[in-house]
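K.L.:
Sequence first, predicted model second:
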Amino acid sequence: MSPSPRPPFRFRLRSNLALWGAVLALAGCDGASPQPLQVPDAGACVQGNCPQPDSGTPALSDTRVRIAAFNVHRLFDTVCDTGSCGGSNYEELPTEAEFAAQVDQLGRAITALEADIVMLEEVETQASLDGLRSRVPQFTYSRLGETYSAASVDVAVISRFPITEVRSHRSQYIYRPDGSATRFSRDLLEVHLDVDGAHVIVFAAHFRSKVDDDPGRRIAEANASRDILLESAKEFPSALVVLGGDLNDVPGSDAINALDQGLLRVAKDRPESATWSYVYSGRGQAIDHLFLAPGGGGTYVPGSFRVARDGDGYGGSDHGAVYADFALTPHP
C-alpha cells in the first residue's frame, strides 16, 4: 500500500518550512580470502548485556524527522563498466528511455514517502544517483557510498537537510563467529546532518545477500554495525543515531538478534503482518530495517514505523520502503 500523503500519526513543524507536515543483490567481495585472525574483545555486548534503548516519551519538540530506507533494486546507469552487460549478465544496460522510466517511477515513490532523509541500496554509480535525484529535487543533498568495483550496487543517502560530515567503514576488518576476517559487503555509510540545528547521524547499510550464502559475514556485519553505532552515540551524545537498510535477514535470526542487543528495532511495536518488506517463495519477510541507538538526540515516535508497498514491492522495486518518524530533542 502506498503511504498516505497525510499520515494521521504525523505532526511536524520545520523551522525552515512554514508548513504542517502532512532477483537478488550482488553478494560483494573482499578482494582477498578470509583470514583466520583472532577476534578482538568487543565488550559485554557480545554476551547480550548491552543497554536496551527505549522509544521513550517523544521529546518536547516541534521538530520531527522522517527517516526511510529503500532498496531501489539494481539502479544501473547506461554505461557498460564490466564489458559484459545485458541479457543473462549481471550488469544490466538500460537504454536512456528505460533508465528514465525507472528513475521516474522511483522518484514518484520516494516523493510519496514525505521523508526527510532516505537511505538507498543498490545504486550503481554517481550517474545513477544523479539521475534519481533529478526526479526528487527536494533532496538537495546526497552522498554515494561507492565501493569502486565495476557494476557494484552501492548504498547512498539523500536528504533535505545539509550534510556536515561523511565517514566510510568499508575498509575496516570485521570478524565472523569463527574468527575469520572479512569486510562489509558494501560500505556502511555514515552521514552526519544538520536538521534545523539538531545533529542527526544515519548509517546506510546493505548486508550480505543469501545468494551463495555466507551467514557468518552477515553476522560480522551486524556485530560491527551495532558496535559502530554505539560508539557513535557515545562520541555524539546529543545526536539522533539511526541505522537503516536491506539487512537480508529477519527478526529472530542471528544477525538481527545481534543488532537487537543494544539497539532499538523500531518495528517492534508494529504487528508482524505489517512489517514485511520483501516476498520470497510467496511469503512476506521483514528484511529491511530501521534501528535507533540509545542517546540524547531524540526518540522514535511510537507506532510510526510503516512499510510502503504497491503490490509485493514499491516504485518498481522488489522491496518495500520502510520509514518512521523521530522526535528530536532540543539542545541549547
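P.N.:
In hand now; what should we look at? Numbering: from 1, shown residues only.

K.L.:
Between the two ends of stretch 268-280, how far is it?
P.N.:
Start to finish, the residues bounding stretch 268-280 are 21 Å apart (C-alpha to C-alpha, to the nearest Å).

K.L.:
Quick check: mean pLDDT of it?
P.N.:
Stretch 268-280 comes out with an average pLDDT of 97.

K.L.:
And for stretch 231-249?
P.N.:
The average pLDDT within stretch 231-249 is 98.

K.L.:
do the same with stretch 169-188
P.N.:
Stretch 169-188 comes out with an average pLDDT of 98.

K.L.:
Could you list the buried residues of it?
P.N.:
Buried residues in stretch 169-188, counted by 16 or more other C-beta atoms under 10 Å: 169-170, 174-176, 180-188. The C-beta positions use only the backbone N, C-alpha and C, and glycine is treated the same way.

K.L.:
Can you name the two of these that sit furthest apart?
P.N.:
The two members of the buried residues of stretch 169-188 with the most space between them (C-beta to C-beta) are 180 and 187, at 20.6 Å.

K.L.:
can you tell me how far residue 153 sits from residue 170?
P.N.:
Distance, residue 153 to residue 170, using C-beta to C-beta, to the nearest Å: 14 Å.

K.L.:
what does residue 313 give?
P.N.:
Residue 313 is 27 Å from residue 170, by C-beta to C-beta.

K.L.:
Residue 64 now?
P.N.:
Taking C-beta to C-beta, one finds residue 64 at 31 Å from residue 170.

K.L.:
Run a quick neighbour tally on residue 133.
P.N.:
20 (other C-beta atoms under 10 Å).

K.L.:
Just the pLDDT for it.
P.N.:
98.

K.L.:
how about it, what does it touch?
P.N.:
Residues in contact with residue 133 (C-beta atoms under 8 Å, 6 or more residues apart in numbering) are 139, 142, 158.

K.L.:
which non-adjacent residue is nearest the first one?
P.N.:
The shortest distance from residue 139 to any residue that is not its chain neighbour, by C-beta to C-beta, 6 or more residues apart in numbering, is 4.0 Å, and that residue is residue 158.

K.L.:
just the second one next, same as before
P.N.:
The shortest distance from residue 142 to any non-neighbouring residue, by C-beta to C-beta, 6+ apart, is to residue 158 (4.6 Å).
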